[in-house]
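> let's see this in three dimensions:
(2 chains)
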Amino acid sequence: MIGRILQKDWRLLWPIVVLVTIIQVLLEWAAYRWGFFNEDPAASRLLHPLSLAWHAGIAALVVAAVHQDPIPGLDHDWLIRPLKRTDLLLAKLLFVALVVSCPMFLLNLVRVLVTGFPLPTSFAVVAFKEAYVFVCFLVPVFALAAITASMTDLIILCGALVAVYASALSIAAVLMGADRCPTCETGLSWMQHVLQHVGTFLGASVIVAVQYYRRRTRLSRVLALGGVLALVFVQLPWDAAFNLQSWLSSPSGLTAPVGISFDPEARRAGGASRRASGGPSGAGQATRAFIHGDTGGALKYLERRTLPRDAPVEIRLPVQIAGMSADELLLVDRSDVRLSGDDGQELYRGADSAALVQEGNPADDTARGPRSGYQGVYVPATVYQRAAPRDVGLQIDYFLTLMKVVAQHPIAARDGELQAADIGRCATKIGQDSIALRCMQIGPTPFCFSATLYGPDGRHNPEIPNCDPDYRPYIPAPTDPVRSSGVDVPVRDPFGLAHYPVDPGELDRSYIIIRIYGVREHFRRSLVIPRIRLAEWSERGQ
Amino acid sequence: MIIETHELSKSYGNFEALHRLSISVPEGSVFALLGANGAGKTTVIKTLLNIVEPSRGHATVLGVDSRAIGPGVLAQIGYVSESQALPRRLRVEEFFNYLRGCYVRWDRRVEDELRKELQLPADRRIGALSHGMRLKMALASALPFRPRLLILDEPFSGLDALVRDEVVTGFLRQAGEMSILISSHELDEVERIATHVGFLDAGRLLFQGPLAALYDHARPLLVARGRDPAARMSLRDIVVAMTRAARGKHFPASESLA
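Prediction:
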């Protein structure tokens, strides 16, 4: 019977299947044409609209397949035919797999192979991606289709669910503030995503089962509504997430010998150039960020100079970080700041309001031994006004990740090409003021790597890091099995402010070392300063 | 009995669509469910087919509890309804091709005969068929597997006299020994074919029994309203009189059963 239903649905829906497949072919073509360096601007302009059209197309196809034999309603022909509900459900799921997942799998596989990745890895990665898309996108769409009888019904229902979701988000933001999503925008956000995806899949499966075997549409719609609210309000607590991540990365419980201490002497050593603060001034920070190719960071530092009076006040504390080797890097996943008065009464508590900036360069031999850095703490202006003139206690609880170089790969600075299992395929292209290093990878991708330009004489420019903490084991992107990453390595400063050791005229003989960092350990540390006067450590206090 | 209901009730919120209905449909009979609009006829049928779940009471169809009706029982039930939502984009031939795989006992010869008799165009999409043609198609799809029970929910609604006659003739020819449950406003057609009658009003069963018994039951009502006891009573007269009697003076004289 499954075959009959499949045949019927194919006869009814083949034009949509053909249309969606054409969109998929165009999408693959545009993605292929993008290449390493966006060689085909016309194709790249099409990528976004094609991706939207493809998402809409496969969703419409799933909905149309389910709606050929709608579950809600009393007059549909299938209700009075001798069809096993299981056959009907399997036929629909199989149809979706055959007309959405299979073409997607084949086209993805062809593009990945043409891009130059090996067949066994490509097959496994693309198959995993299609399974993931099926479970996390197609099944939930299937469930929504199963609780509606027509496309109009579905649009109204989705509109209502989106409205509920947006309202719940607003309410949660008002009620819970920053605690609404403790892991969001951190390297641990993957756990929340997995929790949401697993929850969505399980919820969708329950709805599909209730609909196909019980036809309780009202109950199913209530379940869908509950699922939407759960997406907003069910959040993984930070401590639990971090503990789990620590266990996953280092089940043996090894502890890195890393320590962070307050280093007030560094200010004196820094001299007048550092003014009253523990770290460099905003202009200095901007220049430093610019030299390291971090244009966004440079602009951020400059913007800070023009903040209004009621903006949070930055306290810059010089710190020393000990126990790290030259090939290690410390990432701050979260830092909780607590200010208390003489009597121990809490004046302020905030999360993610502290940023630890490490000075020194892992690519330098000089980076051995304790590293200096500074800790930026942002406190609300009202709290600062009350706390600045007197001694207060400051405690910063860090949730840290120690990264270590796990692999290094050289690549020619000019038109270099590289293929490595851990970073995929990379290429370089020299631009006017920088070298573009771009990589494409299928499967797990390093989230933290750096590029350092070395001249033929062994001198090197500053290391340009590219770290976007993401500790997920591996979750593919729904549209594209190929992940792109890259950095621009500056070779000259068009404004003449920075001078780089490597001569731009020697780029033909220069090369770039790509350092790939892997997680060594996640751990916690606390920095406790029993007495400190905030006014002495902020620019506003001077 | 091919169908039996016991104290069957169905409520939608505060509205009681069926009230403690106990109906018995003898095997081999043509049982007509009669009643005005909203009397509950369609709700009874949907409940019997396990499309609607009863609020209280229970029903058995072909000896199986209606809530447990599955493919095995549905393979023995033919169903035709004016509101049946057929797959509009399928062509007639494609639809029959699909149905042939659904029924083990599908008789291609009966299908061909019916399609020829009812002049169903093989290449037309179902959505492009007229209302009458769609009803003919529903009928032609309900008979070739020789169901033990045929359920017809307003099968003549919206058909002109000629088509109605074709349809009645068509299914009478194929009906054979099957039991039939029919709900219809077309009382003249019902009178031609029904052997038993159940009379519903506002979800309550006012009468059930052989058609002849209905005449005996209704005669005093009509006589009381000034009809000649010796005059011939039509089913229409009886239904109108019984409905009026059931609703008393609240029943507006202008209300039509159709």
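> host element of B:Thr230?
That one is not Thr; residue B:230 is Ala. Under DSSP states H and E, no helix or strand contains B:Ala230.
> for A:Phe105, that is, sorry about that
Taking DSSP H and E as the definition, A:Phe105 sits inside helix A:102-115.
> show me how far that helix is from its chain's centre.
Its chain's average C-alpha position is 25 Å from that of helix A:102-115, according to Cα atoms, centre = their mean, to the nearest Å.
> which outside residues touch it?
By Cβ atoms under 8 Å, 6 or more residues apart in numbering or on different chains, the surrounding residues in contact with helix A:102-115 are A:21, A:24-25, A:28, A:31-32, A:58, A:119, A:122-123, A:125-127, A:129-130, A:133, A:425, A:440, A:442, A:480-482. Any C-beta I mention is one placed from the backbone N, CA and C, and that applies to glycine too.
> what parts of chain B come near chain A?
Selection of chain B residues close to chain A by Cβ under 8 Å from any Cβ of the partner chain yields B:46, B:49, B:51-52, B:70-72, B:74-75, B:77, B:79, B:81, B:83-87, B:89-90, B:94, B:98-99, B:101-103.
> from those, which ones fall inside helices?
With DSSP state H as the criterion, helices contain B:Lys46, B:Pro71, B:Gly72, B:Leu74, B:Glu94, B:Tyr98, B:Leu99, B:Gly101, B:Cys102 from among the residues of chain B next to chain A.
> tell me the average confidence for the helix holding A:Phe105?
Looking at helix A:102-115 alone, the average pLDDT works out to 94.
> check stretch A:11-27 too.
Stretch A:11-27 comes out with an average pLDDT of 94.
> then stretch A:311-323?
85.
> hmm, who's touching the helix or strand harbouring A:Phe142?
Assessed by DSSP H and E, A:Phe142 sits inside helix A:139-146. The contact list for helix A:139-146 (Cβ under 8 Å, 6+ apart) reads A:58-59, A:62-63, A:65-67, A:71, A:92-93, A:96, A:154, A:157-158, A:200-201, A:203-205, A:207-208, A:211-212, A:220, A:224.
> tell me the first helix or strand C-terminal of it.
helix A:151-176.
> now that following helix against helix A:139-146, angle please.
120 degrees (axes from the mean of the first three to the mean of the last three Cα atoms, to 10 degrees).
> re the thing from before, and the next helix or strand past the helix holding A:Phe105?
Going down the chain from helix A:102-115, the next helix or strand is helix A:119-133, by DSSP H and E.
> which parts of the stretch 101-250 of chain B are strands?
Along the stretch 101-250 of chain B, counting by DSSP state E, counting those that start in this stretch, strands occupy B:149-153, B:179-183, B:196-201, B:204-210.
> now mean neighbour count and mean pLDDT too, for those strands, in TSV please.
Putting those into TSV (neighbours: other Cβ atoms under 10 Å in any protein chain shown; pLDDT from 0 to 100) gives the following:
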stretch	mean neighbour count	mean pLDDT
strand B:149-153	24	92
strand B:179-183	25	91
strand B:196-201	24	88
strand B:204-210	17	87
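> thinking again about what came up before, any chance of a PyMOL selection covering the buried ones in the contacts of helix A:102-115?
To isolate the buried members of these in PyMOL, using 16 or more other Cβ atoms under 10 Å in any protein chain shown:
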select buried, chain A and resi 21+24+28+31+32+58+122+125+126+129+130+133+425+440+442+480+481+482
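> also within reach of chain B: list those from the contacts of helix A:102-115.
Among the contacts of helix A:102-115, not one lies near chain B by Cβ under 8 Å from any Cβ.
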